[in-house]
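Peer 1: Kindly return the folded structure for what I paste below:
(one chain, ligands or ions: 2)
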Amino acid sequence: MVQNIPIVEFKNVTKLYPKMSKPAVDNINFKINKGEFCCLIGTSGSGKTTLMRMINRMNSVTKGKVLIKGKNVKEFNPVFLRRHIGYVIQSNGLMPHMTIRQNIALVPKLLKWPKKKIAVAVNKLIELAQLPKSYLDRYPNELSGGQQQRVGVIRALAANQNLILMDEPFGALDPITRESLQTLVKNLQSKLGKTIVFVTHDMDEALKLATKIVVLHGGHLIQVGSPDEILHYPKNKFVENLIGEKRLSEAKYETVKVKNVMLTDSVKINQTASLTTALAMMKEHRVDTLLVVDFENHFKGYISINELQKKYNQANKISEILLTKIPVLRPDEYLRDNFSRILSRAGQYIPVVDDNERLVGIVTRSSLVNVIYEKIWGDKTALIKKSEKEVK
Ligand code: ADP
Ligand code: MG
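Peer 2: Residues are numbered from 1 along each chain as shown. Ligands and ions are numbered 1, 2, ... in the order given. Modelled structure (predicted):
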């Protein structure tokens, strides 16, 4: 049972700063499990930092409880908490008058680790940061911003902390440096099995890093979910805006299933019908093929006008001219996985058959075109809206 206890749990947590009329965070409930990468996301002032700093008691809790492995943070010594929980902030927080080695060794020293153990840890960490060993004897201002932040990240791991808090740690870096640090953190987290709580206002960053996303707005918890859940089932307009129209339309397109685009009024004929009926049906509907089913609507194959005309005089039954070599789609298959199959049936449609082999519809080339157009035009209208806004 022990492993089921969350690493961090917020229980009805409210924070009211002095002289504030409204709580900075209001009645928040969620859990962070071992090994999760939890991103707190929201616009500026939504309460992200406040919430995070209650975990290591840098902020006090006004109402409710913050639990670490089931124990109220109030029962921990705050100094103990801060030494055992890694913390990375935007301005890397390195001591300017200490070398990189001394900076990394700071917390292990405070924890009174033996010198040898510290030396081993420092060497391993600088390697994890993908920096040359010679940098250990440099001072922070002799490193670039990105390199300093690399040190900031591994310093938070130096004392083998299993829980690490990061508050917009890469906000000040250029996009390329930022991306390489995101990769570093993600790799360290999955390789070392750390639990990370990461504050960001950038949805790209959250979607890239998180296994769990917590959306905050005005001190309220709006939605908790995996990146996939947030992307595909945004709870409301606010979350949609945070995700952005482009990503939403891409997500929509990515998840279109066969059943979402299939036509259900396909022209079909019962296998016991006569060839005369079949011919009449083709004429009436102006089609050159008919799908064939039995009385229970089980899909049997198709007949084509060519075969029908060729064998009209010799054949009596549909079964004699039935063609069975035809690809079928299942309703729950993703359209994106079947584009080429559908397009390769030049001018033809593909029947959709359910798990009981019943004919439920067809997908035509034009259903595909509609999806692709929606994606293209969806993006275009988003662009137009944006430029209109900019003109105003
Ligand atoms: P975020 O990190 O999401 O930008 P914060 O947690 O820093 O948001 O702030 C949430 C709200 O609490 C804001 O309205 C902010 O002005 C207020 N706040 C933050 N820190 C303090 C403080 N020390 N004293 C008073 N109000 C504060
Ligand atoms: Mg903040």
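
Peer 1: CA only for contacts and neighbour counts going forward, please
Peer 2: OK.

Peer 1: Can you tell me which residues in the stretch 1-150 of the chain are near ligand 1?
Peer 2: Residues of the stretch 1-150 of the chain found near ligand 1 (CA under 6 Å from any ligand atom) are 17, 24, 44-50.

Peer 1: Out of those residues, which sit inside helices?
Peer 2: Here DSSP state H is the test, and those give 48-50 as lying in helices.

Peer 1: circling back: using JSON lines, please lay out the residues of the stretch 1-150 of the chain next to ligand 1 together with pLDDT.
Peer 2: Formatted as JSON lines, these follow (pLDDT from 0 to 100):
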{"residue": "17", "pLDDT": "95"}
{"residue": "24", "pLDDT": "96"}
{"residue": "44", "pLDDT": "90"}
{"residue": "45", "pLDDT": "93"}
{"residue": "46", "pLDDT": "95"}
{"residue": "47", "pLDDT": "96"}
{"residue": "48", "pLDDT": "97"}
{"residue": "49", "pLDDT": "96"}
{"residue": "50", "pLDDT": "96"}
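
Peer 1: And the buried ones among those residues, selectable in ChimeraX?
Peer 2: Selection command for ChimeraX covering only the buried members of those, criterion 16 or more other CA atoms under 10 Å:
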select :17,24,46,47,48,49,50
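
Peer 1: Now for the residues of the stretch 1-150 of the chain next to ligand 1: which two are most distant?
Peer 2: The most widely separated members of those are 17 and 44, with 16.6 Å between them, by CA to CA.

Peer 1: in the stretch 201-350 of the chain, which spans are helices?
Peer 2: Under the criterion DSSP state H, counting those that start in this stretch, the stretch 201-350 of the chain contains helices at 203-209, 227-232, 237-243, 245-254, 258-261, 275-285, 305-311, 318-321, 339-344.

Peer 1: Centre of the chain to the fourth one, how far?
Peer 2: So the one you mean is helix 245-254. Put simply, helix 245-254 sits 12 Å off its chain's centre (CA atoms, centre = their mean, to the nearest Å).

Peer 1: quick one: pLDDT of the residue nearest the centre of the chain?
Peer 2: Here the mean C-alpha position of the chain is nearest to the C-alpha of residue 227 (CA atoms, centre = their mean), at a distance of 2.5 Å. The score at residue 227 is 93. That number is its pLDDT.

Peer 1: which of the helices of the stretch 201-350 of the chain is buried the deepest?
Peer 2: Mean neighbour counts were compared across the helices of the stretch 201-350 of the chain using mean count of other CA atoms under 10 Å; the top stretch is helix 258-261, at a mean of 20.

Peer 1: Tell me which residues touch residue 334, please.
Peer 2: Applying CA atoms under 8 Å, 6 or more residues apart in numbering to residue 334 gives the contacts 254-258.

Peer 1: what's the pLDDT at the closest residue to ligand 1 within the stretch 151-300 of the chain?
Peer 2: Shortest the stretch 151-300 of the chain-to-ligand 1 distance, computed as CA to the nearest ligand atom: residue-wise this is residue 219, at 6.8 Å. Predicted confidence (pLDDT) at residue 219: the value is 96.

Peer 1: Could you do residue 382 as well?
Peer 2: Turning to residue 382, the model gives it a pLDDT of 40.

Peer 1: OK, contacts around the residue nearest to the centre of the chain?
Peer 2: Listed by CA under 8 Å, 6+ apart, the contact set of residue 227 reads 206-207, 210-213.

Peer 1: Next, format these as a markdown table and append distance to ligand 1 and pLDDT.
Peer 2: As requested, those are exported to a markdown table (distance: CA to the nearest ligand atom, whole Å; pLDDT from 0 to 100):
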| residue | distance to ligand 1 | pLDDT |
| --- | --- | --- |
| 206 | 14 | 94 |
| 207 | 18 | 92 |
| 210 | 17 | 96 |
| 211 | 20 | 96 |
| 212 | 17 | 97 |
| 213 | 14 | 97 |
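
Peer 1: which one of those residues sits closest to residue 63?
Peer 2: Top of the list for closeness to residue 63, among the contacts of residue 227 and by CA to CA, is residue 213 at 23.4 Å.

Peer 1: quick one: that closest one and residue 38 touch, right?
Peer 2: Yes: with contact defined as CA atoms under 8 Å, residue 213 counts as touching residue 38 (5.8 Å).

Peer 1: about what we covered before: give the burial count for the residue of the stretch 151-300 of the chain closest to ligand 1, as a bare number.
Peer 2: For residue 219, the count of nearby residues is 22 (other CA atoms under 10 Å).

Peer 1: if you skip the residues just before and after it, what's nearest to it?
Peer 2: Residue nearest to residue 219 in three dimensions, not counting chain neighbours: residue 25, with 3.9 Å by CA to CA, 6 or more residues apart in numbering.

Peer 1: In this structure residue 5 contacts residue 32, no?
Peer 2: No: with contacts counted by CA under 8 Å, residue 5 stays clear of residue 32, the gap being 9.4 Å.

Peer 1: I'm done for today, thanks for sticking with me.
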